[in-house]
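> sequence-free structure coming up:
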């Protein structure tokens, strides 16, 4: 570049030279290693400038050139909705912050789904606004050491009269990696999606906001080595196939993992569920409720009819501490359950409700195995731990006829190496089997 002074060249030569430079730039951009710094497109990390246009320009240029990396450098970059594009990696450098702008007019939603909205329970368009949006994108990533701050933007017309845009929203997309970044102060969910495949979440920190990761329709998903401190469920959704949640820490003022739709081949392993919540439940108002409800809730059909199987579920090597309830597995109308295994589970300082596996539907619940499980309850001086009447669960746990383990309407159950303790000796009984056809018991102690 420095060898030629373009200003001293004739117009024809100048045009030819510039065309050559543009051709070379486009050719280089086809390499995944090509880098586009948002500052070069006009963005300013001063915490004041609206960078919506500039960041989108950088991503569009990278996409048109065949893909590469768009870099957010150190600084605080205010922005509205950013449209993600295929084969573009958004990289947040250390000490970089992408912060949602406090102007709801700057946020967009995916306007046309063209999918079975009743099946996915797609909510109104306004509810699907987000800071980062991607529809029908492939091979994208958001990586680095920076922060994405939803800034708790309040929307008076949003759900519950307060929920604003999600941080990251994807639909009908494949080949996604989200790694290393920190999601903070989501105005609704930190991550929301419909119908995604081949997705990896690694080493994320999610703080405050509502749900951490909410997936409705997901295949070949891995959530690994992530930490959640959320004001609502840490991980939620359903219609999952081949889903792995591994080595994650979940602290919530609601639930750890909540399944509201069917799932097949679900593995939850090496996870730690610990209450009370660091941040209050978002909709508890002045009460600022922080108690963590359940560690794992597998409840297809709890919120709305969600027909299908809960099959080949493995929950292993997980710990639950200072929760109201460790786990609840329930079938409703139109659901079938088969091959559910919980093993190597430890619960300590559990407070209010028994662990349970229940069938309230019209189909079978077969091959349930609970082994190497230790649950220790502390109860409370005021609240009850045993209820008189068994009622169908709604969206959360409820009191049961026992304080430790409740089983209902099951064909066959294996219980092996189970220990239940309660320091408040007045609560009885420890367990209750309601219409359980066949039970294998080996080394079960109360």
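Sure thing, it's come through. Values in this document were obtained by computation on a predicted structure and should not be read as measured data.
> C-alpha only now, for contacts and for neighbours.
Noted.
> what about the chain, any weak spots by pLDDT?
Counting by pLDDT under 70, the low-confidence segments of the chain come to 1-33, 111-120, 124-125, 380-383, 425-426.
> how does it divide into domains?
31-210, 240-446 (automatic domain parsing).
> could I get those as JSON lines with mean neighbour count?
Converted to JSON lines, these look like this (neighbours: other Cα atoms under 10 Å):
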{"stretch": "domain 31-210", "mean neighbour count": "20"}
{"stretch": "domain 240-446", "mean neighbour count": "20"}
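> dump those to TSV, plus distance to residue 218.
TSV is the format used below for those (distance: least, Cα to Cα, whole Å):
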stretch	distance to residue 218
domain 31-210	5
domain 240-446	5
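> with residue 231 as the reference, name the closest of these.
Of all the domains of the chain, it is domain 240-446 that lies closest to residue 231, at 4.4 Å by Cα to Cα.
> now the terminal residues of the closest one, how far apart.
Separation of the first and last residues of domain 240-446 by Cα to Cα, to the nearest Å is 35 Å.
> and for stretch 355-364?
First residue to last in stretch 355-364 (Cα to Cα) measures 20 Å.
> what residue lies at the spatial centre of the protein?
Most central in the chain under Cα atoms, centre = their mean is residue 213, positioned 1.2 Å from the mean C-alpha point.
> that residue against residue 235, yeah?
Yes: the pair residue 213 / residue 235 is scored as a contact, 4.8 Å apart, by Cα atoms under 8 Å.
> list the contacts of the residue nearest to the centre of the chain.
Going by Cα atoms under 8 Å, 6 or more residues apart in numbering, residue 213 touches 189, 190, 191, 192, 234, 235, 236.
> where's the fifth one relative to residue 56, distance?
In this view, residue 234 and residue 56 are 30 Å apart by Cα to Cα.
> enumerate every residue touching residue 260.
With Cα under 8 Å, 6+ apart, residue 260 has these contacts: 236, 237, 238, 298, 299, 300, 301, 302, 303, 306.
> now swap in residue 132 and tell me
Here residue 132 is in contact with 81, 82, 83, 84, 167, 168, 169 (criterion: Cα under 8 Å, 6+ apart).
> go on, residue 208?
Going by Cα under 8 Å, 6+ apart, the list of residues near residue 208 reads 184, 185, 186, 229, 230, 231, 279.
> what's the answer for residue 262, then?
238, 239, 240, 300, 306, 307, 308, 309, 310, 335.
> which stretch of helix or strand covers the second one?
The reference is to residue 239. If you go by DSSP states H and E, residue 239 is part of strand 235-246.
> return the member of the contacts of residue 208 nearest to residue 273.
Relative to residue 273, and with distances defined as Cα to Cα, the nearest of those is residue 229, at 10.5 Å.
> can you count the residues close to the closest one?
For residue 229, the count of nearby residues is 28 (other Cα atoms under 10 Å).
> surely it and residue 207 touch.
Yes: contact criterion Cα under 8 Å: residue 229 and residue 207 qualify, at 4.8 Å.
> scan this structure for its longest strand.
Looking across the chain with DSSP state E, the single longest strand is strand 405-422.
> my read: residue 93 touches residue 147, true?
No: the pair residue 93 and residue 147 fails to qualify as a contact (Cα under 8 Å) at a distance of 9.0 Å.
> helix, strand or coil for residue 127?
When classified by DSSP: H, G, I helix; E, B strand; the rest coil, residue 127 comes out as helix.
> that one against residue 159, yeah?
Yes: counting by Cα under 8 Å, residue 127 does reach residue 159; the two are 7.2 Å apart.
> how close does residue 100 sit to residue 266?
For residue 100 relative to residue 266 (Cα to Cα), the value is 34 Å.
> can you check residue 78 too?
Taken as Cα to Cα, the span from residue 78 to residue 266 is 38 Å.
> next up, phi/psi of residue 360, please.
phi -120, psi 10 (degrees, to the nearest 10).
> what residues are up against it?
By Cα under 8 Å, 6+ apart, the neighbours of residue 360 are 330, 331, 332, 333, 392, 409.
> want to throw those into CSV with distance to residue 74 and secondary structure?
Formatted as CSV, the contacts of residue 360 follow (distance: Cα to Cα, whole Å; DSSP: H, G, I helix; E, B strand; the rest coil):
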residue, distance to residue 74, secondary structure
330, 47, strand
331, 49, strand
332, 50, coil
333, 52, coil
392, 52, coil
409, 57, strand
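> now those as a markdown table including distance to residue 88?
A markdown table is the format used below for these (distance: Cα to Cα, whole Å):
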| residue | distance to residue 88 |
| --- | --- |
| 330 | 41 |
| 331 | 41 |
| 332 | 42 |
| 333 | 43 |
| 392 | 47 |
| 409 | 50 |
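> so which pair among those is furthest apart in space?
Maximum pairwise distance in those, criterion Cα to Cα, is 13.1 Å, between 333 and 409.
> how much space separates the residue nearest to residue 107 when sequence neighbours are not counted from residue 70?
Spatially, and ignoring its direct neighbours in sequence, residue 107 is nearest to residue 81 (4.8 Å; Cα to Cα, 6 or more residues apart in numbering). From residue 81 over to residue 70 the distance is 16 Å, taken as Cα to Cα.
> good, wrapping up.
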